[in-house]
Structures are given as C-alpha cells and as structure tokens.
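Chemist: give me a 3D structure for the following:
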Amino acid sequence: QRYLDMIVNGNVRNIFITRSKIINYLRRYLDMRNFVEVETPMMNMIPGGATARPFITHHNELDMRLYMRIAPELYLKMLVIGGLDRVYEIGRQVPN
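Modeler: Predicted structure coming up:
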C-alpha cells in the first residue's frame, strides 16, 4: 500500500514533497508572466487526436459513450484562438 510505503520509506515521502514544490514553482513562474492556468476535459463525446485508438468508457448516469482525450493540446489551441494568448495546464497524462 502506498501509505505504508510513505510511513516506512522517507525517500518516497520526499518525492511527494519535491514534486509539490516543483509544481508550485512552475505555477508561480507562469503566473508572474501573465499566463492563465486552465483545466480542459479528459473525456469527450467524440474521439479525437492523431490516429491513436482512444480509451472508451460509458457514463452510466448520462447513458453515453465517452472517449478519453489523446491530444491535450487541442483544447489549449482553442483557448488561444479564442483570445487567451497565454495558457497552461498542469494535469495528469494518461498513456494509451
């Protein structure tokens, strides 16, 4: 279990702390340069992005098929076209 590893192993705990500090620094750096942090959707109603085969799931409540995004930059490009010249997203990348 991850929490046991963190209790026993100080190096694992330090990795979490270091990662947090790096992300905080990166946010401050970009914010000071007038970038806007955004969050874009992970799941789409249509598959998109290159020729890779997307992960497919079903949303029970909405009774619809959804596809995991392959190309995170598509939404960022739309924001730039829409007038937000400086945008960034710090998010998880899920390998296909």
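Chemist: what are the boundaries of the strands in the protein?
Modeler: Assigned by DSSP state E, the strands in the chain fall at 36-37, 43-44, 56-59, 64-68, 87-88.
Chemist: export these to JSON lines and tack on distance to residue 18 and mean pLDDT?
Modeler: Every C-beta, even on glycine, is put in place using the N, C-alpha and C of the backbone. Below are the strands of the chain laid out as JSON lines (distance: least, Cβ to Cβ, whole Å; pLDDT from 0 to 100):
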{"stretch": "strand 36-37", "distance to residue 18": "21", "mean pLDDT": "96"}
{"stretch": "strand 43-44", "distance to residue 18": "30", "mean pLDDT": "82"}
{"stretch": "strand 56-59", "distance to residue 18": "33", "mean pLDDT": "89"}
{"stretch": "strand 64-68", "distance to residue 18": "28", "mean pLDDT": "89"}
{"stretch": "strand 87-88", "distance to residue 18": "20", "mean pLDDT": "94"}
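Chemist: export these as TSV, with columns for distance to residue 77.
Modeler: Below are the strands of the chain laid out as TSV (distance: least, Cβ to Cβ, whole Å):
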stretch	distance to residue 77
strand 36-37	14
strand 43-44	15
strand 56-59	24
strand 64-68	18
strand 87-88	9
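Chemist: using a markdown table, lay out those strands together with mean neighbour count and distance to residue 7.
Modeler: Formatted as a markdown table, those follow (neighbours: other Cβ atoms under 10 Å; distance: least, Cβ to Cβ, whole Å):
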| stretch | mean neighbour count | distance to residue 7 |
| --- | --- | --- |
| strand 36-37 | 13 | 32 |
| strand 43-44 | 16 | 34 |
| strand 56-59 | 11 | 34 |
| strand 64-68 | 15 | 33 |
| strand 87-88 | 16 | 34 |
